[in-house]
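A.B. asks: I'll drop the sequence and a predicted model, then ask my questions.
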Amino acid sequence: MSMLDRDSPIPIYIQVAEMIQELIITGQLQIGEAVPSEAALAAKFGIAVTTARNVASELRRRGLVHTLHGEGTFVGPVGAAKTKATKASYVVISDEIADLIRSGELRPNRSIPSEKALMRKYGVSRATARKAVSRLREQRWVFTVPYRGTYVANPSERPE
């Protein structure tokens, strides 16, 4: 992918959309594959999430992708089969944190990574990071202290 020309009269979101279109045309992104998330595009190109949202909108306008609420944006028309079953991002994140708790890397009564840290590490939105933490809380892996943070639950209070 080429770099963005921030001095160009062509809007940034159009430049990024054209880069992704090129990936689709050359087969580097195939029908059914996920397009990078808004948060991932924002991190990769140093653009605002709203600009990244415009990228997805432009790609949809061009008929190159479709978006499934809560799952992401995928190459091809609505109904195109996804290339592989994918877990929702929040499930992947919460499963990885639960694995870190199981392994002892994250210890009882110690904080888990913040929402901002999860957003940076996984390239997801704040809503996705919150949903991952909420899932961990529902499964009793963690507990949240208002205005303080989210902490690993004691082994006697966790699942399994």
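C.D. replies: Happy to help now that I have it. Because the structure is predicted, anything quoted here is derived from the model rather than measured.

A.B. asks: and the helix or strand hosting Ser94, what other elements does it pack with?
C.D. replies: Following DSSP states H and E, the helix or strand that holds Ser94 is helix 89-103. Secondary-structure packing of helix 89-103 (3 or more CB pairs under 8 Å, 6 or more residues apart in numbering; DSSP states H and E): helix 115-122, helix 126-138. Yep, even glycine has a C-beta here, placed from its N, CA and C like the rest.

A.B. asks: What residues sit buried inside that helix?
C.D. replies: Applying a neighbour-count criterion of 16 or more other CB atoms under 10 Å, one finds 89-90, 93-94, 97-98, 100-101 buried in helix 89-103.

A.B. asks: Save the residues you listed as CSV, and put in pLDDT too.
C.D. replies: Listed next are the buried residues of helix 89-103 as CSV, based on pLDDT from 0 to 100:
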residue, pLDDT
Ser89, 81
Tyr90, 87
Ile93, 90
Ser94, 93
Ile97, 94
Ala98, 93
Leu100, 92
Ile101, 93
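
A.B. asks: Columns distance to Gly63 on top of these, output as a markdown table?
C.D. replies: Listed next are the buried residues of helix 89-103 as a markdown table, based on distance: CB to CB, whole Å:
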| residue | distance to Gly63 |
| --- | --- |
| Ser89 | 25 |
| Tyr90 | 29 |
| Ile93 | 31 |
| Ser94 | 34 |
| Ile97 | 38 |
| Ala98 | 39 |
| Leu100 | 41 |
| Ile101 | 44 |
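
A.B. asks: sorry, back to before: any residues touching the helix holding Ser94, and which ones?
C.D. replies: Helix 89-103 is contacted from outside by 37, 72, 87, 106, 112-113, 118, 122, 124, 128-129, 131-133, 135-136, 139, 141-142, 152, 158, using CB atoms under 8 Å, 6 or more residues apart in numbering.
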